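# pasting the structure only:
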């Protein structure tokens, strides 16, 4: 049976958010060979030998695992265990030095002060210095780790050569109890308590990286280490703070950008996002991240959940490679390859199920005077007449082919009978190249059109 795919907040042990679309039987097959080993390690309380070294950071030690040679050094700042990067780190080590880190309280790292993103930044900074790893560095962060990377870059700009975000954490502040003194519901400036109360997951179900079918791609060693890690009570307690410190981490990261339109300047930035559930809020977050640098680009990891590091490690390695090469060559990131929109020909707007009206040259133009309208949120709305040749309710969906955008929306009024003419309004969130599909009965009609906006155009009347 296939699980239901939905974006959800997840437990702290599983990081922050991901979409689980997997076969239950396959997930069990991935885990069964190593569960016994992990349980044994947990029962014995005899930790395996660390992959790297334990580095003193001021009264306690954290685990730093480095491999490869070359500059700039790449520093992976989480948010998970260092061994969760087993499909990425060895590949990066082929072209430069790369270090991964376990924050205090997880993996082999010793317990430290109350957790926060500032603490993690201090730990990384001190560990790199004491280990003799020279900067400036390319900082890489997944989920909450992306916030750690942002704060590191804000606090130590001279030590930051570039940055890679891997499905950056979502902002939890809207879910937190509102503080009347904090208009956006920011967490208080003090560090979280040692035993925080976690935010409840949305959807009623808890998932972790070990539930992802691609968990099996990790080596047997790394799978065993992960299952050993999550079996330890100390790790569970430490990881539980991830979602609780998220609001304060966001507030700290935004503070560095408050008075600077591009706080990273010309430093290369690659934002790796996913193609699932690209809501308007998710797309807006990617735009905000790209605005941090004047030398940034987004790479969309298709067919990936939140756990891009095991679902699409090739995309993460490529993103890191691009930033490293940009730093070495003191050059701009390569612009995305130009996209030729495959607009449909006139005869492709009709089949035995449906027909709709095509536009000259396959281009829908929004311009002052109409015929289209601009919605209050900036989306572009255009009337499209359809004809149904078979009985059934018409539904319409669509996606942008040449860049990130929320999905197409459609307004389909009732009262048009089971067949024949059907008036609709198609709402394109952005200009671009759009694939539109109408469904009726067991049939469908798909066409591709180019959407162009000239000027502001007329505003859609208030609904």
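Now that the structure is in, tell me what you want to look at. Keep in mind that this is a model prediction, so the values were computed, not measured.
# Quick one: the strands in the stretch 251-400 of the chain, in order.
269-274, 296-301, 354-356, 363-366, 373-374, 380-388, 395-400 (DSSP state E, counting those that start in this stretch).
# Check which helices and strands the longest one sits against.
Packing partners of strand 380-388 (3 or more C-beta pairs under 8 Å, 6 or more residues apart in numbering; DSSP states H and E): strand 354-356, strand 363-366, strand 373-374, strand 420-428. Where C-beta positions appear, they are placed from N, C-alpha and C, glycine not excepted.
# Kindly state the domain boundaries assigned to this structure.
Structural domains annotated on the chain: 7-329, 346-453, as defined by automatic domain parsing.
# Just name the most buried of those domains.
Highest mean neighbour count of those: domain 7-329, a mean of 20 (counted as mean count of other C-beta atoms under 10 Å).
# average pLDDT across it?
When pLDDT is averaged along domain 7-329, the result is 80.
# just how off-centre is the helix or strand hosting residue 247 within its chain?
Assigned by DSSP states H and E, residue 247 belongs to helix 242-257. Relative to the centre of its chain, helix 242-257 is centred 16 Å away, using C-alpha atoms, centre = their mean, to the nearest Å.
# Which secondary structure elements does it sit against?
When contacts are defined as 3+ C-beta pairs under 8 Å, 6+ apart, helix 242-257 sits against helix 117-131, helix 144-155.
# now with 6 Å?
Helix 242-257 sits against helix 144-155, with contacts defined as 3 or more C-beta pairs under 6 Å, 6 or more residues apart in numbering; DSSP states H and E.
# Please list the outside residues in contact with the helix it packs on.
16, 77-79, 117, 120-121, 139, 141, 160, 163, 165, 168-169, 242, 249, 252-253, 256 (C-beta atoms under 6 Å, 6 or more residues apart in numbering).
# Which residue ranges of the protein form helices?
24-44, 89-92, 117-131, 144-155, 220-231, 233-239, 242-257, 280-290, 308-311, 313-329 (DSSP state H).
# right, and those helices - which one's nearest residue 352?
helix 280-290 (35.5 Å; C-beta to C-beta).
# Tell me the helices and strands packed up against that closest one.
In this structure, helix 280-290 packs against strand 269-274, with contacts taken as 3+ C-beta pairs under 6 Å, 6+ apart.
# Residues touching the strand it packs on, excluding its own?
163-167, 286, 289-290, 293, 296-301, 304, 308, 315, 319, 322-323.
# let's go with 8 Å and repeat that
With C-beta atoms under 8 Å, 6 or more residues apart in numbering as the test, strand 269-274 has contacts from 19, 162-168, 282, 286, 289-290, 292-293, 295-302, 304-306, 308, 315-316, 319-320, 322-323, 333, 404.
# wait, isn't residue 209 in contact with residue 227?
No. Assessed by C-beta atoms under 8 Å, residue 209 is found out of contact with residue 227, at 10.6 Å.
# contacting residues around the nearest residue to residue 430 once chain neighbours are set aside?
The shortest distance from residue 430 to any residue other than its chain neighbours is 4.6 Å, reached at residue 405 (C-beta to C-beta, 6 or more residues apart in numbering). Taking C-beta under 8 Å, 6+ apart as the criterion, residue 405 is in contact with 278, 283, 399, 429-430, 432.
# Closest one of those to residue 126?
Using C-beta to C-beta, those come closest to residue 126 at residue 283, 36.7 Å.
# residues touching the closest one, list them.
Contacts of residue 283 by C-beta under 8 Å, 6+ apart are 404-406, 429.
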